[in-house]
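>>> requesting a structural model of the entry that follows:
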Amino acid sequence: MLNSIDPRELDKKKIKAENKQLIEEIASFQRLLFTEDKQSILIVLQGLDAAGKDGAVRSIFSGINPLGSNVFSFKKPTEEEFAHDFLWRIHQQVPRKGMIHIFN
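I've put the predicted structure just below:
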């Protein structure tokens, strides 16, 4: 799908305006999520080093309230973590109701 997009044909001003609108929508959804306190959101970003994950988090989630969100980075597992199943070390980082957690 991405190979059908020619970056030379993209309108940077239009994209920035769309991003601003989407960031405002995400902030609005976060307020509803926090107010209802019934569900949570877990966002998982996976990619190689220097793939732009940190920049994406800073940009996309710039409008949300930091009190209702957390970002976690998982480095090389410790020996204790490695002795358990793959998901053992992240279980305690899963978001509680009303929260957004981003696993980077």
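>>> isn't R96 right next to S40, touching?
Yes - counting by Cβ atoms under 8 Å, R96 touches S40, with 6.2 Å between them. To be clear about C-beta, it is placed using only N, CA and C from the backbone, and glycine gets the same treatment.
>>> where along this protein do the strands fall?
41-44, 69-72, 100-103 (DSSP state E).
>>> deepest in the core, which of those strands is it.
Comparing these by mean neighbour count (mean count of other Cβ atoms under 10 Å), strand 100-103 ranks first with a mean of 19.
>>> packing partners of it?
For strand 100-103, the packing partners by 3 or more Cβ pairs under 8 Å, 6 or more residues apart in numbering; DSSP states H and E come out as strand 41-44, strand 69-72.
>>> let me have these in CSV, adding mean pLDDT and distance to T35 as columns.
Formatted as CSV, the helices and strands packed on strand 100-103 follow (pLDDT from 0 to 100; distance: least, Cβ to Cβ, whole Å):
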stretch, mean pLDDT, distance to T35
strand 41-44, 92, 14
strand 69-72, 92, 15
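>>> okay, the ones you listed in TSV with distance to I102 next?
Converted to TSV, these look like this (distance: least, Cβ to Cβ, whole Å):
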stretch	distance to I102
strand 41-44	5
strand 69-72	5
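>>> indicate which one of those strands is closest to R58.
strand 69-72 (9.5 Å; Cβ to Cβ).
>>> with only the CA atoms kept, save that closest one in CSV.
C-alpha atoms of strand 69-72 as CSV (Å, rounded to 0.1, in the frame of the first residue of the first chain):
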residue,chain,number,x,y,z
SER,A,69,-1.0,8.3,29.8
ASN,A,70,2.3,6.6,30.2
VAL,A,71,5.0,5.5,27.8
PHE,A,72,7.1,2.5,28.5
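>>> that strand pairs with which strands, parallel or anti?
Strand 69-72 has these partner strands in its sheet, going by DSSP bridges: strand 100-103 (parallel).
>>> and stretch 35-44, how far apart are its ends?
End-to-end span of stretch 35-44 (Cα to Cα, to the nearest Å): 23 Å.
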